[in-house]
Structure formats: structure tokens, C-alpha cells
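Student: Give me coordinates for this.
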Amino acid sequence: MRSHRSLRIAYVVQNPTFDLVTESPAIAITVKNVVRSLQAAGHHVDYYDLRGRCVSRVSDMSAPERASPVSLGITGTTPFCIVESIIRRCQQIMRWRYLALFDSARFYDASLQALEGYDVCHEHNSVLSVGAALACERINIPYIITVDADPILELEVQGTPLRGLQSALAHWEARQTYRIARRVLCLSEATRKRLIEYWKVSADKIIVLPLAADVDLFGQQFDVYEVRRLLGLRDEPVIGFVGSFQMWHGLEDLVAAFARVRESFPHAQLLLVGDGPGRAKVEDHVRKLNLDSAVTFTGRVGYRDIPRYLAAMDVVTAPYPQLGREMWFSPLKLYEYMAAGKAIVATRCGQIVEVIQDGTTGLLADPGDVSAFAHAVCQVIADPNLRRMLGANARRQAKDRHSWAHLARSIEEIYYNVISSV
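Tutor: Numbering: from 1, shown residues only. Next comes the predicted model:
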């Protein structure tokens, strides 16, 4: 490393839906763990986010609910707030699209007041978010951005694309953040490729840093029989999935594959942990295949409880389908599965093939190939030695390469390089 001195770091998120307390959206888990790991490495890290009409600062990540308001300039004045209220009300009545203009103005204002004296500002990206980047450019603080996924692309894939003025503004703001950023950190090669080809970001600014997992939390040991008893399960084979039931998770393929697994293992059970927009469709598929008695939906569970549910599973799955676009994200669940030492069956999509070595740290099938996926699951169920070997190798890789501390060290080195080049 170029330097080992302690840094003052501002980690910022403008997204008003981002909530570290409830850990929603799921990427909040990443932000919380990155900040904690940087603090554990001896750096002073303050986290800034948008809460209603306030910009808040959190210095203790063990208590993210204990936030203090940041001083504002013009955006905190009564006249500004009155004008804002009138326009927001008109926006609701006229059903105008959300543009985040007041949010960006407020975050820009707060950043000008608060960021002086920091060595670096690191933002986790979101759509229609440009306040911190513009403030960093004005006060000349090195600005770094993490792109977990291109939010504009993600909305297109979900079937809710930005249109008109909203799309134009989002594209302008994204280009500004990428222009101002000294480094753009992304989670996968697919996102790196899009940043270069679509957004025209210079390749030498981009660094691929995959996600990580809490190897201690997910490495906990549990009484498997007791966990299963509480879930109404016994000693039958249990196939599992953990996630937010998004359209790109491939859960209908998983249910179809599970039906085939039941042909060889008629007592097998499927445990689906989580909730989300795709759940009703999955439940309908389960009913059509007459699998109601063999499938358990837990609903949303607390993040720290997930390792307990994983303990009940013999096989864990990541059944991503063919998406039409190369899978652009880094699946957090993949690293958590590995940290838990579970035998993984996944599809050959995006970053998965960079992380899972087929036959060594998991088994892979082609996306959409339900028969091959079911066969891989049956292999793991039928062979306890294979199951133990895959799980042990995955756990070892997670500890060596995919811990939050490991990721924080990589980010720390990027900070030092950026600061030394100023």
C-alpha cells in the first residue's frame, strides 16, 4: 500500500428508499458491512443518507437509527420548503414523474456543508442521484462511486423503463457522476462492459470488486434437527433458496426442477426463504404442479436469522434464468451460501461462472435447462461425500477471498491510490 494512515471517509447514499435500519433494499447490507469493515480497519467513516427532507449522518454503524441531521443552507429555509411542498403536491395531483430535483438539491447543499475535511467521498449509486458528485467537484474532494447495477438498465429489464424527461435527466445525472468519479467500482464484468460501451466510461477508471459475505455470521453452527423441527421438517432431503423473489431469480424454473427431483426423491422438500414481487406467481406454479405439501414459504425473515434457515438445507440454489441481457449484478446470496459451507447448485450466468468452479465449489447447469438443474440437485442429495466436499471448498474460498474485511482492504487500497494521485 502507498500509505497506512487513517483516512476520513464520507460514505453517501442519496436514494430516499434506502434504509440501513430495515436493511432495505438488500444492497443496504453491503453498504453497512463495507462501512463497518472500513471502520474496523481504523478509518473514520461517516455515513450520509437522505431521510425525508433531512440529510442525516451516522457515525456508529452498530446503531444506524441514531442519526444526526446535517446543517443545510438554502434548502433548509422556510421559503424553499414552502415552494417544495407546493410543487410536490402538484406533482401528486398531476401524476408527474419523480425527478428527485429537490432531493439532489438538498444532498448537494448538505454535502457542501458537511464534506469539507474528508479525504474521500464514496457514493453507492442510485438513479436520479447527482448531489454529492457535484458538491465534491466544487469543493475538490476525490469522489468514488460504486455501481452495484445500472439502475436504468434494471428498470428496463423489470418492464418499467424511464421515459421522457425522467429518462433524459437520469441519463444526464449518471453521465455527470461517471465523469466526476476518480474511480468507478462495479460488481461484475458485465457491468464493467456496459459502463465502457454504453456510458463511455474510461476503462482505466473502472475496477471490478465482487460482493462478499459475513463469514463469521454465516459460519455459525446450529442443531440441524432442531431447526428442521421448528420448520415442520424431518430427515427428508431439503432443497433451499434465499432471496427477494425477483423476476430474474428463476424461481419458476426451480419449482419445475424440484418437481423432477421428487420423481427420484419423493419425500424431498423445497424451502423458499424470503418474499417479494414474484411470490404470487411462484405460489401459483407450485399449486399447478400439486406441490403445495412439499414447498414451504417462510416469508421475509431477519437478515441475521438467514444462517439458521440455511442450516436446514442440504442443497442451496441460485437458478437464474436466461435474461436476454448478460446478468449484470453480483448475487449476494452466492457468497452467503459459500460462507455457510453449503453445497450449491446454480446456473451458468454472469459472475456465477467466475466464482463457482463446477464440481469443486458447486455444480452448474445451463440457464433454463430444468432437467440438468434437477439432475445436479439429485447428484448432491444422493452423495453425502460430494455434498460435504462442495460445502467445505466453498466455505474455504469464502474465507480466503470473499469476506467483508477482504473487500474493505481492496477499497482501502483504491482510496490510497486516488488520494496519492491528486
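
Student: all contacts plus neighbour counts: C-alpha atoms, from now on.
Tutor: OK.

Student: Tell me, how many residues neighbour residue 28?
Tutor: 18 (other C-alpha atoms under 10 Å).

Student: cool, and residue 342?
Tutor: Other residues within reach of residue 342, judged by other C-alpha under 10 Å, total 27.

Student: surely it meets residue 393?
Tutor: No - judged on C-alpha atoms under 8 Å, residue 342 makes no contact with residue 393 at a distance of 9.3 Å.

Student: Check which strands are paired with the longest strand along the chain and give the direction for each one.
Tutor: Ordering each strand of the chain by length in residues (DSSP state E) puts strand 44-51 first. Strand pairing for strand 44-51, determined by DSSP bridges: strand 8-13 (parallel), strand 54-58 (antiparallel).

Student: Residue 258: what's it in contact with?
Tutor: Residue 258 makes contact with 270, 374 under the criterion C-alpha atoms under 8 Å, 6 or more residues apart in numbering.

Student: any idea how far it is from residue 143?
Tutor: 47 Å (C-alpha to C-alpha, to the nearest Å).

Student: what are the C-alpha coordinates of the helix or strand that contains residue 385, in PDB please?
Tutor: Element membership for residue 385 (DSSP states H and E) is helix 384-401. The C-alpha trace of helix 384-401 is given here as PDB (Å, rounded to 0.1, in the frame of the first residue of the first chain):
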ATOM      1  CA  PRO A 384     -23.200 -37.100   1.100                       C
ATOM      2  CA  ASN A 385     -19.400 -37.100   0.400                       C
ATOM      3  CA  LEU A 386     -19.900 -34.800  -2.600                       C
ATOM      4  CA  ARG A 387     -22.200 -32.600  -0.500                       C
ATOM      5  CA  ARG A 388     -19.600 -32.200   2.200                       C
ATOM      6  CA  MET A 389     -16.700 -31.700  -0.300                       C
ATOM      7  CA  LEU A 390     -18.600 -28.900  -2.200                       C
ATOM      8  CA  GLY A 391     -19.600 -27.200   1.000                       C
ATOM      9  CA  ALA A 392     -16.100 -27.300   2.600                       C
ATOM     10  CA  ASN A 393     -14.500 -26.000  -0.600                       C
ATOM     11  CA  ALA A 394     -17.000 -23.200  -0.900                       C
ATOM     12  CA  ARG A 395     -16.500 -22.200   2.700                       C
ATOM     13  CA  ARG A 396     -12.700 -22.200   2.300                       C
ATOM     14  CA  GLN A 397     -13.000 -19.900  -0.700                       C
ATOM     15  CA  ALA A 398     -15.300 -17.500   1.100                       C
ATOM     16  CA  LYS A 399     -13.000 -17.200   4.000                       C
ATOM     17  CA  ASP A 400      -9.900 -16.700   1.800                       C
ATOM     18  CA  ARG A 401     -11.400 -14.300  -0.900                       C
END
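
Student: Distance from the chain centre to that helix, please.
Tutor: 23 Å (C-alpha atoms, centre = their mean, to the nearest Å).

Student: Let me see the mean pLDDT of the helix or strand following that helix.
Tutor: Next helix or strand after helix 384-401 toward the C-terminus (DSSP H and E): helix 404-420. Averaged over helix 404-420, pLDDT sits at 96.

Student: Which other helices and strands does helix 404-420 contact?
Tutor: Judged by 3 or more C-alpha pairs under 8 Å, 6 or more residues apart in numbering; DSSP states H and E, helix 404-420 is in contact with helix 27-40.

Student: The residue of the chain most remote from its centre and residue 86: what is the separation?
Tutor: Residue farthest from the centre of the chain, counting by C-alpha atoms, centre = their mean, is residue 79 at 38.1 Å. The spacing between residue 79 and residue 86, counted by C-alpha to C-alpha, is 11 Å.

Student: Could you list the domains of the protein?
Tutor: 8-212+403-420, 224-401 (automatic domain parsing).
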